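S.K.: sequence and predicted model, in that order:
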Amino acid sequence: MQHPLFAALAIAGLGVALLLGAYAFQYLGGFKPCPLCLEQRWPWRVLIGIGAALFVAERVKAPAWVSIGLYVLAAFVALYGAYLGGYHAGVEYKWWPGPKECSGDILVLPTDGGVFSDLSTSEIVRCDAIVWSLFWISMAGYNFLFSLLAAALAGFGVWKELR
């Protein structure tokens, strides 16, 4: 952990690993993501970009304030990701209601071949259903935890820069 790029590479690597895992669940495992799942991917994409920017800043010997600013930005993005993951996990565990378009009482259209037949065959992916868990923690719950880890890594990066 003494390498100057440890935190930056760990944040970016965590983002790559989590996005690859999400895509593997989706395309290899057949788990269709709900709207909240898709939204939770954005912070990780941004964190990969911030990790790359930190790598470049270190390579070009940018002033410390540049790296500190990027780490602070990474911390805020990661905390937003934790908020999204925590909110989604709470919806899954029925701690609070989720968005009307993917949770709660969803309108089911008749399948009698009428005007709604095409719409009724489209699948609504529920946000309030746990489709996979490990040790009683859902994917959204893991996203919450890994987002907190990314925020801690960003804090560690700031600390390293200030030393």
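M.R.: Yes, it's here.

S.K.: before we move on, which element is the residue nearest the centre of the chain in?
M.R.: Centroid-nearest residue in the chain, with Cα atoms, centre = their mean: Gln40, separated by 3.6 Å. According to DSSP states H and E, Gln40 maps onto helix 35-59.

S.K.: tell me where the protein is predicted with low confidence.
M.R.: For the chain, the stretches with pLDDT under 70 are 1-4, 104-123, 132-133.

S.K.: biggest helix in it by residues?
M.R.: Secondary structure of the chain per DSSP state H: the longest helix is helix 64-92.

S.K.: and it, which residues are buried?
M.R.: Residues of helix 64-92 classed as buried by neighbour count (16 or more other Cβ atoms under 10 Å): 66-71, 73-75, 77-82, 84-92. Every C-beta, even on glycine, is put in place using the N, C-alpha and C of the backbone.

S.K.: hmm, who's touching stretch 91-108?
M.R.: By Cβ atoms under 8 Å, 6 or more residues apart in numbering, the residues outside stretch 91-108 that reach it are 34-36, 88, 90, 120, 124-130, 138, 140-141.

S.K.: wait, I meant stretch 57-69
M.R.: In contact with stretch 57-69 (Cβ under 8 Å, 6+ apart) are residues 4-5, 8, 54, 56, 70, 157-158, 161-162.

S.K.: elements contacting the helix or strand hosting Trp159?
M.R.: In this structure, Trp159 sits in helix 139-162 according to DSSP H and E. In terms of contacts (3 or more Cβ pairs under 8 Å, 6 or more residues apart in numbering; DSSP states H and E), helix 139-162 is packed against helix 6-23, helix 35-59, helix 64-92, strand 133-134.
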